[in-house]
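Asks: The following block contains a protein sequence and its predicted model.
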Amino acid sequence: MDIEFHYYITYLIAVKAGFDVKQAALLAYSSQYVDDNDILFEVSADTNQCYQNYISQTMNILKPKLKLFRIYPIFHFIPGEPLADSTRRKDGKLHYLNTTPDSKNARKILNLALLSGDIYRVGIAAHGYADSWAHQNFVGYYDEFNTIKKNILKRIKPRIGHAGAGHKPDRVGLNWTDYRLVRSLRDIDNNKRFLQAAASMFDVFRKYLQPDCSQERCSKQRDDLIADLSQAISTDLSREERISGYRKLAIADKYGGEQLKDYDMDTWMNEAVSENVRGFRIRSKTKILRFIKNKIAGAFKPIKDTYTWKDEQNYQNTNWYKFQEAVKAHQKEAGDFLYDTVFHKLELENW
């Protein structure tokens with residue numbers, strides 16, 4: 001999924017489920033920032049406050065397999081149930097790492113984040129949980145299993161994740177065809193998938209926040225949410241119109257009654273870190289430019305940007321630092337859990 005679900009819709013789900021608007025905003029920003037946190041930084045190098053982050057997304061899907069393996073199946077393609085009905089393919093293939101919607105693994109990882117009490121971790125885990133719908137029937141690993149079509153143009157695309165399908169699985173309002181699946185499953189309606197994801201995420205959040213909520217009341221609130229979202233993601237609307245609709249819902253009393261701020265991927269880091277641009281600014285809102293600049297700066301160290309904490313005494317209280325610590329905690333706990341349930345079966349070396 002992209003920013004429409006990971007930021008705007010996730011915010012609406014969170015407040016509807018009972019998070020206050022401040023928590024919901026942190027949760028939604030964390031959810032979207034998972035996709036934008038793709039550069040390794042060293043802040044205040046050679047000082048007692050030196051800090052290095054982990055990435056939760058990669059600009060280069062051709063990285064060594066094990067490096068990708070620590071990112072994709074944990075943050076974006078959570079392995080599910082290979083024998084689920086939704087996985088039926090024309091070639092009959094199965095895969096241990098296949099992503100399936102609302103899998104036991106995805107739900108467990110989200111519940112682990114909720115139990116941690118760390119709102120940043122909840123947002124990170126919510127990202128992977130939502131992606132279990134959008135990324136279903138793809139694996140976060142190099143494999144022919146991911147190939148959509150056999151023609152030469154399709155085969156030149158990297159066979160990892162949904163690269164072969166482009167951005168189609170992530171877009172609100174899009175219908176597309178997954179030719180790997182049996183005829184009764186191959187016509188994909190993203191809105192149907194995304195509404196299912198929203199309903200399930202609401203249920204998980206609501207059960208955690210109000211475990212004594214009656215089934216009748218929770219169902220009514222969930223149905224109200226889905227009715228509002230169904231209108232907001234109508235295929236008759238443009239992307240700009242949909243985003244405007246999410247904003248209008250946010251200022252309604254039943255969704256917190258406050259304006260939802262624009263998402264800016266630089267906001268949290270700008271609040272925490274001072275940047276010294278020594279050649280060209282490596283950070284960019286365009287992924288391909290980040291990739292190119294980072295490669296060049298890596299080869300020519302004198303032009304590599306440097307970073308320092310704006311407040312060396314209180315940097316640990318910044319959103320950026322808390323998010324990065326949550327990424328590390330999520331990778332450790334979710335990775336250990338998935339190793340025990342799935343990864344050990346693959347007998348990967350140096351895991």
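Replies: Looks like it came in fine.
Asks: Gly18: how many residues sit nearby?
Replies: 16 (other Cβ atoms under 10 Å). Bear in mind the C-beta positions are built from the backbone N, C-alpha and C, glycine included.
Asks: correction: Leu94
Replies: Neighbours of Leu94 (other Cβ under 10 Å): 11.
Asks: Three-state assignment for it, please.
Replies: Using DSSP: H, G, I helix; E, B strand; the rest coil, the structure places Leu94 in coil.
Asks: quick one: it and Pro82 touch, right?
Replies: Yes. Counting by Cβ atoms under 8 Å, Leu94 touches Pro82, with 4.5 Å between them.
Asks: correct me, but Lys285 touches Thr267?
Replies: No. Using Cβ under 8 Å, Lys285 makes no contact with Thr267, being 11.7 Å away.
Asks: Check which helix or strand the residue nearest in space to the middle of the chain maps to.
Replies: Centre of the chain computed as the mean C-alpha position; nearest residue by Cα atoms, centre = their mean is His127, 3.4 Å away. According to DSSP states H and E, His127 maps onto helix 119-134.
Asks: For that helix, which helices and strands make contact with it?
Replies: helix 10-17, helix 21-36, helix 104-116, helix 190-209, helix 319-341 (3 or more Cβ pairs under 8 Å, 6 or more residues apart in numbering; DSSP states H and E).
Asks: Settle it for me: which of Lys285 and Thr267 has more neighbours?
Replies: Thr267 (15 against 10).
Asks: which residues does the more buried one contact?
Replies: By Cβ atoms under 8 Å, 6 or more residues apart in numbering, Thr267 lies in contact with Tyr29.
Asks: per-residue confidence for it?
Replies: You'll see Thr267 listed with a pLDDT of 98.
Asks: Backbone dihedrals for it, please?
Replies: phi -50, psi -50 (degrees, to the nearest 10).
Asks: And it, how far from Asp228?
Replies: Counting by Cβ to Cβ, to the nearest Å, the gap from Thr267 to Asp228 is 27 Å.
Asks: can you pull out the helices in the stretch 201-350 of the chain?
Replies: 215-232, 239-250, 267-272, 287-299, 319-341 (DSSP state H, counting those that start in this stretch).
Asks: so which of the ones you listed comes closest to Asp131?
Replies: helix 319-341 (13.1 Å; Cβ to Cβ).
Asks: Only alpha carbons, please: show the closest one as PDB.
Replies: C-alpha atoms of helix 319-341 as PDB (Å, rounded to 0.1, in the frame of the first residue of the first chain):
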ATOM      1  CA  ASN A 319      10.200  11.400  17.300                       C
ATOM      2  CA  TRP A 320      12.900  10.400  14.900                       C
ATOM      3  CA  TYR A 321      15.000   8.700  17.500                       C
ATOM      4  CA  LYS A 322      12.000   7.000  19.100                       C
ATOM      5  CA  PHE A 323      11.000   5.700  15.700                       C
ATOM      6  CA  GLN A 324      14.500   4.400  14.900                       C
ATOM      7  CA  GLU A 325      14.600   2.600  18.200                       C
ATOM      8  CA  ALA A 326      11.200   1.100  17.500                       C
ATOM      9  CA  VAL A 327      12.500  -0.100  14.100                       C
ATOM     10  CA  LYS A 328      15.300  -1.900  15.900                       C
ATOM     11  CA  ALA A 329      13.000  -3.400  18.500                       C
ATOM     12  CA  HIS A 330      10.500  -4.500  15.800                       C
ATOM     13  CA  GLN A 331      13.200  -6.100  13.600                       C
ATOM     14  CA  LYS A 332      14.500  -8.000  16.700                       C
ATOM     15  CA  GLU A 333      11.200  -9.300  18.100                       C
ATOM     16  CA  ALA A 334       9.400  -9.900  14.800                       C
ATOM     17  CA  GLY A 335      12.500 -11.400  13.300                       C
ATOM     18  CA  ASP A 336      13.000 -13.800  16.200                       C
ATOM     19  CA  PHE A 337       9.300 -14.800  16.100                       C
ATOM     20  CA  LEU A 338       9.400 -15.400  12.300                       C
ATOM     21  CA  TYR A 339      12.600 -17.300  12.600                       C
ATOM     22  CA  ASP A 340      11.000 -19.700  15.100                       C
ATOM     23  CA  THR A 341       7.800 -20.100  13.000                       C
END
